[in-house]
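Enquirer: everything below, folded, please.
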Amino acid sequence: MSGILAYLAAFMLYGMIGWYFWRTKWNTSAQSIDGAIVAPKWESFAILIPLILHSYTLYLSIFAGAGLSFGIANAVSSIVWLTALVYWLSSFFYRLEVIQTLIAPVAAVAVLLPFIFPSLHPLTNTELPAFKAHILVAMLAYSLLTIAALHALLIAVVERRLHHPTMPSVLTNLPPILAMEKLLFRIIWVGFILLTLTLISGVVFSEEVFGQPVKFTHKTLFGFISWGVFAALLTGRQLYGWRGRIAIRWTLIGFVILLLAYLGSKFVLEVILQR
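Expert: Model (predicted):
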């Protein structure tokens, strides 16, 4: 019963936070961008309570049996939770209140996924330290690149709204676009390094991580294609100063391919093939 209440409480709190920030930040227009909008201090900690409840529900669903239950629902929920956590920690250093409006509704749906679609096939070899390290690095990589995708979308929205006479109040309190792009590439760099470690550990140490030799699957293929897209983006940034729409486009393409690599394969196996 306590588990069900935790799921419902986290869902409702995420939903209320998303609704609040939509009403007070995104859906409120500001006529001038000269002054910064000072937010109440409690807003910085509002998402912490549902984050704690979300982590508790993940613990219940992932460690439900003898091994780790890490199906598509748990994977999505974990990535969203880590994304929200990293965002919350970053919000103390960067003015990114608007992302809370985007993350909270997604987290509200994600927190219920393991409850609605429980994992029926626990993973093998989960007691190996190499496997745990691989999963942790992979989740961090996916979470950071998810934040990068959200950040790229935010930059695109700001660029489009700059030509409007009025803007949502939350957008007027963001850093300049050049500063946001600089932050975007910092996030991508860290995510790219972690993605590189994920692919290396999955290929070179496949026997230790998964208990079997490496197999060339569409998951591996899409993973390396996504890595190539982000590598090309970072190279273009260094050599040609890529920014603006080019950077946004490459970031989103790399993120979509990464989703196909991991979540796409899990969706086919677990939902369509029931394996």
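Enquirer: rest of the way, CA atoms for contacts and neighbours
Expert: Noted.
Enquirer: wait, a strand at W242?
Expert: No: counting by DSSP: H, G, I helix; E, B strand; the rest coil, W242 is not part of a strand but coil.
Enquirer: check contacts around it.
Expert: Residues in contact with W242 (Cα atoms under 8 Å, 6 or more residues apart in numbering) are 233, 236.
Enquirer: swap the cut-off to 10 Å and go again
Expert: By Cα atoms under 10 Å, 6 or more residues apart in numbering, the contact set of W242 is 233-236, 248, 250.
Enquirer: could I get the buried residue list for stretch 144-162?
Expert: Neighbour-count burial for stretch 144-162, counted by 16 or more other Cα atoms under 10 Å, picks out 144-156, 158.
Enquirer: isn't M139 right up against L258?
Expert: No: the pair M139 and L258 fails to qualify as a contact (Cα atoms under 10 Å) at a distance of 11.9 Å.
Enquirer: tell me, what's touching these two both at once?
Expert: When Cα under 10 Å, 6+ apart defines a contact, the residues bordering M139 and L258 alike are 145, 195.
Enquirer: how many neighbours does the residue lying closest to V229 once chain neighbours are set aside have?
Expert: Nearest non-adjacent residue to V229, counting by Cα to Cα, 6 or more residues apart in numbering: G254, 5.4 Å away. Using other Cα atoms under 10 Å, G254 has 24 neighbouring residues.
Enquirer: what residues sit buried inside the host helix or strand of G254?
Expert: Using DSSP states H and E, G254 maps to helix 244-259. The neighbour-count check on helix 244-259 (16+ other Cα under 10 Å) flags 247-259 as buried.
Enquirer: now, among those, which is nearest to G202?
Expert: L258 (14.8 Å; Cα to Cα).
Enquirer: now the closest one: closest residue in space that isn't a chain neighbour?
Expert: Spatial nearest neighbour of L258, excluding adjacent residues (Cα to Cα, 6+ apart): S226 at 5.4 Å.
Enquirer: neighbours of the one you found, how many?
Expert: For S226, the count of nearby residues is 25 (other Cα under 10 Å).
Enquirer: ok, residues contacting the one helix or strand it maps to?
Expert: Taking DSSP H and E as the definition, S226 sits inside helix 218-240. For helix 218-240, contacts defined as Cα under 10 Å, 6+ apart pick out 145, 185, 188-189, 191-193, 195-196, 198-199, 202-203, 214, 217, 241-243, 246-266.
Enquirer: mind listing what L195 touches?
Expert: L195 touches 137-142, 144-145, 188-189, 201, 223-224, 226-227, 230, 258, counting by Cα under 10 Å, 6+ apart.
Enquirer: let's see it at 6 Å
Expert: Applying Cα atoms under 6 Å, 6 or more residues apart in numbering to L195 gives the contacts A141.
Enquirer: helix, strand, or coil at F92?
Expert: Under three-state DSSP, F92 falls in the coil class.
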